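Colleague: Below: sequence and its predicted model.
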Amino acid sequence: GDMTREIPNEMYHITAASFEVPVNRARIEYIVPTDKPFQTQCYRSDCEYTTKTVEDYTSYSWNLKDIVKMEYEEAVKDNLDSYTWFMYSTMKDWSEVVKWYLRKTYRRLESNYEVMDAVQNVVQDGMTDEEKVTAIYNYLTKEITYSFVSFLNSNYIPKKPGETLSGEVGDCKDVASLMIAMLREVGIDAWYVLVRSGNFTEQTPLPTIAAFNHVIVGYQLSDGEMRYLDLTTDYFPHYVLPESDARAWALLVKEGETQVFRLPDQTISEDRSRFDISIKGKINPDRSLDMEVDYAGSGVLGGTLRESLNRVTTVDDRKRFLTEYFAEGVFDHLLLNEFSFKNLEDITEPLNGNLSLKAYNHVERVSDFFIIQIPILKGVTTRPALFAEKRYNNLDLAQLFELTPAYQQIELAVPTAFRLMELPKDINIDNQFGRYALRFEQTNSGLRITREMVWKTRLIDFSDYDAFKAFYLEVLDGDRMKLGVERR
C-alpha cells in the first residue's frame, strides 16, 4: 500500500476480511499520521470505525463479527467483490495521480521527423478530423505490433513516439503515446487515459496509482465530446472500445481532472454495435432443414468476430468455429457446407458473411404430428449459473451471452403437404435488464419470425438475481419455442 516511491508521503491499502470459511471475529486497524487526509471505502460490511489519536498518529479501527464466507461462482466479473474488503487512501482526490503521470510522461509526446513523415503519408488533404482519426488509427493497428507488457514495467514510462514507430512494436503506453503524438500533429486534442481492465471492483475506488493496469487514448473533436481509442487491438473499428474496456474505471490524464469515471459500454450500445441475421430456411421431406444465412456484425461484435476468424486460418478450423458460434444449443446434427466473408480485413466497415447450413433430423415426429424447433441462431441458451437458488456475487452477463444488440429475421418455408397447427402468440418484454421481442407472421410459404434481443446492462447486482432470473427464463422459453405442424 505504500505509494511513497511514486507519490511522496501518500499511502493506500486494501485488505480482504473474508475467506473460504465464515469468520467469527476480525479486527482491522490502520495507523496514519494525523495530519493526513483519510478516506475509506468498504464492501459487504459496515464502514463505521472508531478512532484514537496518540501524539502525531491516529488509529482507525473496525471490529467485525460474523463475516460470511466468500463463494466461488460462475460468471463473476470483479474478483475483489467476492470478498468483504476495506480500502483507504490518504489522497483527497485523483489530482495527485494525474500530476504523477504527467511527470512520468514529461516530454514523451514530442514529435520527430519520423512521426511527422508518417502523418504526412497517412493524412490526406481535405480529410475531416474524423477521417484523420480513422486513418491514423487504422495505420497504427496495421503497422505497429502490440506487445503485452505490464503497465507497471519500465517504471510506467512509455517509449518516445519515434522509437515505437521505427521499432514497429510497443506496449499499451507506447502505442497510446504514438497515437496522441500523431493526433496532436494534425491539431486534434488528445490525452492519456489510465484504465483498470478487469478484476477490480464495481465500487468507486479510492485514489491510488495501483488502480490501473492499462493505458488508452482520449481525444476531442470540435463537438467537445470525449472519445476513446484502444490501440492494443488489431481488428476493432476506431469508434468502439473492445469488450475488455467496457465500463472499466478510468482517469483522464489532463490538468484539473480530479475524479475517475466509467468508460462507455459500447458492446450493448445500439448506435455503436449491432448483429443482423437473415435466415431463409426450408423444411425438406426427409425432415432436415436447409438454411441460407446472411449476417452483418458491426462495432464490438465485428471486431470480436474478425479477431476469432483471423486466429483460425484453415477452412476446417473456420467451419468448426462458425458452426459452434452460430448454432450453440440449437441443432443436434448441423453441417456447414459453405461460408464466405466480406470486409474481413477492413476493420472500419461491418463484417458481412454468408453461411449455407443443413440441420439433419430437425423435425421431430410425435404420433401423428411433427414438431419444429424455431431455427434461431445465437439465441439465449441454458446456463447452469442461472439455475442456482440464490446468488452471492454480481453476475457478469458477458461470460454467458453475446450482448450485442441482435436483430434476426427468419423466413421458414414449410412443405405444402403440412400445415401449421397454431400461430404462436407474439412475445414482447421490456424491463431494466433488456428488451426482447419475438413476432410471428404467416406467409404463403410458411412463417416469418422476427426476433429482437437488446441487453440494457451487462452486470446484474446479486440483489437483483431473482428478478433477472425470471426475465432470463421468459427469454429462454421464447428462444426454445417449437412449432407444431400436421399433414393436411
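Modeller: Good, I have the coordinates.
Colleague: which stretches of this structure form helices?
Modeller: Counting by DSSP state H, the chain has helices at residues 95-104, 113-122, 129-143, 161-167, 172-185, 299-311, 315-327, 465-479.
Colleague: Please identify the deepest-packed of those helices.
Modeller: helix 172-185 (a mean of 25; mean count of other CB atoms under 10 Å). C-beta: built from backbone N, CA, C; applies to glycine.
Colleague: what helices or strands is it leaning on?
Modeller: Applying 3 or more CB pairs under 8 Å, 6 or more residues apart in numbering; DSSP states H and E, we find helix 172-185 packed against helix 113-122, helix 129-143, helix 161-167, strand 189-196, strand 214-220.
Colleague: State the mean pLDDT of stretch 121-130.
Modeller: Mean pLDDT, computed over stretch 121-130, is 96.
Colleague: Output it as PDB - backbone C-alpha positions only.
Modeller: Extracted as PDB, the C-alpha positions of stretch 121-130 are listed here (Å, rounded to 0.1, in the frame of the first residue of the first chain):
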ATOM      1  CA  ASN A 121       1.800   9.800 -45.600                       C
ATOM      2  CA  VAL A 122      -1.400   8.800 -43.800                       C
ATOM      3  CA  VAL A 123      -3.400  12.000 -43.600                       C
ATOM      4  CA  GLN A 124      -4.600  13.400 -46.900                       C
ATOM      5  CA  ASP A 125      -5.600  17.000 -47.800                       C
ATOM      6  CA  GLY A 126      -9.300  17.600 -47.400                       C
ATOM      7  CA  MET A 127      -9.900  15.000 -44.700                       C
ATOM      8  CA  THR A 128     -12.300  15.800 -41.900                       C
ATOM      9  CA  ASP A 129     -11.000  15.400 -38.400                       C
ATOM     10  CA  GLU A 130     -13.000  12.200 -38.000                       C
END
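Colleague: how much space between residue 264 and residue 203?
Modeller: From residue 264 across to residue 203, the span is 19 Å (CB to CB, to the nearest Å).
Colleague: Compare these two (neighbour count), which wins?
Modeller: Between residue 264 and residue 203, residue 264 has the larger neighbour count (other CB atoms under 10 Å), namely 19 against 15.
Colleague: Residue 241 is in contact with that one, correct?
Modeller: Yes: with contact defined as CB atoms under 8 Å, residue 264 counts as touching residue 241 (7.1 Å).
Colleague: pLDDT weak spots in the protein?
Modeller: 1-4, 151-154, 329 (pLDDT under 70).
Colleague: For stretch 35-49, buried residues please.
Modeller: 38, 41, 42, 43, 45, 49 (16 or more other CB atoms under 10 Å).
Colleague: List just the nearest of those to residue 452.
Modeller: Using CB to CB, residue 43 comes nearest to residue 452 of the buried residues of stretch 35-49, at 36.1 Å.
Colleague: Please determine how far that closest one is located from residue 201.
Modeller: 7 Å.
Colleague: again with residue 53
Modeller: Taking CB to CB, one finds residue 53 at 30 Å from residue 201.
Colleague: Looking at those two, which has the bigger crowd around it?
Modeller: residue 201 (20 against 9).
Colleague: Mind putting the helices and strands packed on helix 172-185 into CSV with distance to residue 461?
Modeller: Below are the helices and strands packed on helix 172-185 laid out as CSV (distance: least, CB to CB, whole Å):
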stretch, distance to residue 461
helix 113-122, 45
helix 129-143, 35
helix 161-167, 41
strand 189-196, 19
strand 214-220, 25
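Colleague: if I read this right, residue 49 contacts residue 58, doesn't it?
Modeller: No: the pair residue 49 and residue 58 fails to qualify as a contact (CB under 8 Å) at a distance of 10.7 Å.
Colleague: if I pick residue 456, what's in contact with it?
Modeller: Taking CB atoms under 8 Å, 6 or more residues apart in numbering, we find residue 456 in contact with 268, 432, 433, 434, 435.
Colleague: Oh, that last question was meant for residue 46, not what I typed.
Modeller: Residues in contact with residue 46 (CB under 8 Å, 6+ apart) are residue 62.
Colleague: ok, it to residue 62 distance?
Modeller: 8 Å.
Colleague: Ok, residue 123 next?
Modeller: 57 Å.
Colleague: do residue 313 as well
Modeller: Relative to residue 62, residue 313 is positioned 56 Å away (CB to CB).
Colleague: More neighbours: which of these two?
Modeller: Neighbours were counted for residue 313 and for residue 62 using other CB under 10 Å; residue 62 has more, 19 against 8.
Colleague: so that one makes contact with residue 49?
Modeller: Yes: Residue 62 lies in contact with residue 49 (CB under 8 Å); the separation is 5.1 Å.
Colleague: Tell me the spacing between the closest residue to residue 328 other than its chain neighbours and residue 331.
Modeller: Spatially, and ignoring its direct neighbours in sequence, residue 328 is nearest to residue 381 (6.0 Å; CB to CB, 6 or more residues apart in numbering). As judged by CB to CB, residue 381 and residue 331 stand 12 Å apart.
Colleague: can you check residue 344 too?
Modeller: In terms of CB to CB, residue 344 sits 25 Å off from residue 331.
Colleague: Looking at the two, which is more packed in?
Modeller: residue 331 (21 against 16).
Colleague: Isn't the more buried one up against residue 361?
Modeller: No: taking contacts as CB under 8 Å, residue 331 lies outside contact range of residue 361: 9.3 Å.
Colleague: Contacts only, for the spatially most central residue of the chain.
Modeller: Residue closest to the average C-alpha location in the chain (CA atoms, centre = their mean): residue 243, at 2.6 Å. By CB under 8 Å, 6+ apart, the contact list for residue 243 reads 267, 300, 304, 398.
Colleague: Including distance to residue 190, could those go into CSV?
Modeller: Below are these laid out as CSV (distance: CB to CB, whole Å):
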residue, distance to residue 190
267, 24
300, 22
304, 26
398, 28
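Colleague: Of those, just say which sits nearest to residue 20.
Modeller: Out of the contacts of residue 243, the member with the shortest distance to residue 20 (by CB to CB) is residue 398, at 26.0 Å.
Colleague: show me the contacts for that closest one.
Modeller: 77, 243, 246, 267, 458.
Colleague: tell me the two of the residues you listed that are most distant?
Modeller: Across those, no pair lies farther apart than 77 and 267, at 13.1 Å, counting by CB to CB.
Colleague: quick one: which of those two has more around it?
Modeller: Higher neighbour count among residue 77 and residue 267: residue 267, with 25 against 21, using other CB under 10 Å.
Colleague: That one and residue 403 touch, don't they?
Modeller: Yes: with contact defined as CB under 8 Å, residue 267 and residue 403 form a contacting pair (5.1 Å).
Colleague: Need the overlap of contacts for those two.
Modeller: residue 458.
Colleague: In contact with residue 283: list those residues for me.
Modeller: 289, 362, 363, 372, 412, 413, 414, 415, 418, 446.
Colleague: OK, contacts around the fifth one?
Modeller: For residue 412, the contacting residues are 279, 281, 282, 283, 372, 374, 375, 446, 447, 448, 449, taking CB under 8 Å, 6+ apart as the criterion.
Colleague: Bridged to it, which residues?
Modeller: Beta-bridge pairing for residue 412 (DSSP bridges): residue 281, residue 447.
Colleague: Skipping adjacent residues, who's closest to residue 414 in space?
Modeller: In space, residue 414 is closest to residue 446, 3.9 Å off (CB to CB, 6+ apart).
Colleague: Test my guess that that neighbour contacts residue 418.
Modeller: No: at 9.1 Å, residue 446 does not count as touching residue 418 under the criterion of CB under 8 Å.
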